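**Q** Give me coordinates for this.
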Amino acid sequence: MIIPTVLGGILQAMQLVAISPALIRFFSVSQLISDGILIIGIIFLLMLLPYFLATLVLLFLEKLKPVYMLITSIIIFFSFYSG
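**A** Numbers count the residues shown, from 1 in each chain. Modelled structure (predicted):
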C-alpha cells in the first residue's frame with residue numbers, strides 16, 4: 001500500500017513543480033491517500049485493459065468467421081474449376 005502512496009506523492013509534487021517550483025510548499029500530506037487511491041485505480045484499469053481488448057478481438061474474429069469461410073470457399077471453387 002506504500003507504493004501507490006509514494007507514486008501519488010511523486011505525481012502531486014511533479015504537478016506542483018510543473019505549475020511553479022514555488023508552489024511545492026503547498027504539498028499536502030493528506031492528499032497522498034486520495035492520490036494513492038487514484039494510482040491504484042489506474043493500475044487496476046491497466047490490468048483489466050488486456051482482458052477487455054482480448055474479448056473485443058475474439059468477438060471481432062468470431063464475426064469475421066463466416067466471411068472467412070465464404071472467401072475460402074470462393075478461392076477453393078475458382079482454383080478447382082479454373083483449370
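
**Q** packing partners for the lengthiest helix in the chain?
**A** The helix spanning the most residues in the chain, taking DSSP state H as the definition, is helix 31-81. Using 3 or more Cβ pairs under 8 Å, 6 or more residues apart in numbering; DSSP states H and E as the contact test, the elements touching helix 31-81 are helix 2-19. Where C-beta positions appear, they are placed from N, C-alpha and C, glycine not excepted.

**Q** quick one: the helix it packs on to helix 31-81, angle?
**A** Helix 2-19 and helix 31-81 meet at an angle of 100 degrees, taking axes from the mean of the first three to the mean of the last three Cα atoms, to 10 degrees as the criterion.

**Q** How about helix 2-19, which residues are buried there?
**A** 4, 5, 7, 8, 9, 11, 12, 16 (16 or more other Cβ atoms under 10 Å).

**Q** got any ranges where this structure has weak pLDDT?
**A** Low-confidence segments of the chain, defined by pLDDT under 70, are located at 1, 82-83.

**Q** Could you rerun that using 80?
**A** Judged by pLDDT under 80, the chain has its weakly predicted residues at 1, 68, 80-83.

**Q** Give the phi and psi angles for residue 29, as a check.
**A** For residue 29, the backbone dihedrals are phi -70, psi -40 (criterion: degrees, to the nearest 10).

**Q** separation between it and residue 4?
**A** Computed as Cβ to Cβ, to the nearest Å, the residue 29 to residue 4 distance reads 15 Å.

**Q** Over to residue 33?
**A** Distance of residue 33 to residue 4, given as Cβ to Cβ: 10 Å.
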